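Trainee: Sequence first, then the predicted structure, then my questions.
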Amino acid sequence: MLRNGVVARRFAARAFDFAKTASKVSSASARSDLAQLKAAQDDAMHQVKEAQKPVQPIDWAYYRENISVPGVVDAFEKDFKNLSLPSFENDLAGEVESKLKSLVGEAKNVMDASSARAEELKQLLAELEGNRISRNTTVDEYTARNPDVDSEAKAEIAQAEYVKDT
């Protein structure tokens, strides 16, 4: 009974907005698949709700009247009353919680590293955009951005090395 309640809460917490998704779907086959998925989810929710209802007690008198073999119902009733089912003991909850916390920590570290790398890439992109040349870029603009190229070109001209890099 407790497990069914947990399942119902998990389903409720993860409610999927079918209407919003349907508005984004364009093809008829996708709409049909989405409708089938919604029907399956509705069926699962109905089954969870049904499982949460209390179980009706066994009507032993009814079975005594309708089963003709003497003593069978009494034997079943006796065995049923003596039946003791083990209760569920969650031995893994602590381990699962610690694993979840470590995974969440790792995810946060990866997110931070990813954010830092994204920032580095934005800076690199800005630098590359700043250094980009086009056919409208003048020699003065290029040499202002690259002073080492300017000094190298002036040195080559001074030494009359006009065909050095050809």
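Mentor: Sure, I can see it.

Trainee: for the host helix or strand of Glu106, the distance to its chain's centre please.
Mentor: Per DSSP states H and E, Glu106 falls inside helix 93-131. For helix 93-131, the separation from the chain centroid amounts to 16 Å (computed by CA atoms, centre = their mean, to the nearest Å).

Trainee: Flag every buried residue along it.
Mentor: Counting neighbours by 16 or more other CB atoms under 10 Å, one finds that helix 93-131 has no buried residues. C-betas here are computed from N, CA, C, even on glycine.

Trainee: So for the helix or strand harbouring Val73, what gets flagged as buried?
Mentor: Assessed by DSSP H and E, Val73 sits inside helix 72-82. Going by neighbour count (16+ other CB under 10 Å), the buried part of helix 72-82 is Val73.

Trainee: Can you name every helix or strand that it contacts?
Mentor: Where contact means 3 or more CB pairs under 8 Å, 6 or more residues apart in numbering; DSSP states H and E, helix 72-82 is packed against helix 60-66.

Trainee: what residues does the helix it packs on touch?
Mentor: Contact with helix 60-66 is made by Val73, Asp74, Phe76, Glu77, as judged by CB atoms under 8 Å, 6 or more residues apart in numbering.

Trainee: what about dumping the CA coordinates of it to CSV?
Mentor: What follows is helix 60-66, C-alpha atoms only, in CSV (Å, rounded to 0.1, in the frame of the first residue of the first chain):
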residue,chain,number,x,y,z
TRP,A,60,-15.6,-17.1,3.6
ALA,A,61,-19.3,-17.8,4.0
TYR,A,62,-19.9,-17.3,0.3
TYR,A,63,-17.2,-19.8,-0.6
ARG,A,64,-18.5,-22.3,2.0
GLU,A,65,-21.9,-22.1,0.3
ASN,A,66,-20.6,-22.5,-3.3
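
Trainee: sorry, back to before: distance from the chain centre to the helix holding Val73, please.
Mentor: Offset of helix 72-82 from its chain centre (CA atoms, centre = their mean): 49 Å.

Trainee: Next: stretch 49-58.
Mentor: Offset of stretch 49-58 from its chain centre (CA atoms, centre = their mean): 33 Å.

Trainee: Now do the end-to-end distance for that stretch.
Mentor: Terminal residues of stretch 49-58 are spaced 21 Å apart (CA to CA, to the nearest Å).

Trainee: picking that back up, for the helix holding Val73, which outside residues touch it?
Mentor: Residues outside helix 72-82 that contact it (CB under 8 Å, 6+ apart) are Ile58, Trp60, Tyr63, Arg64, Ile67.
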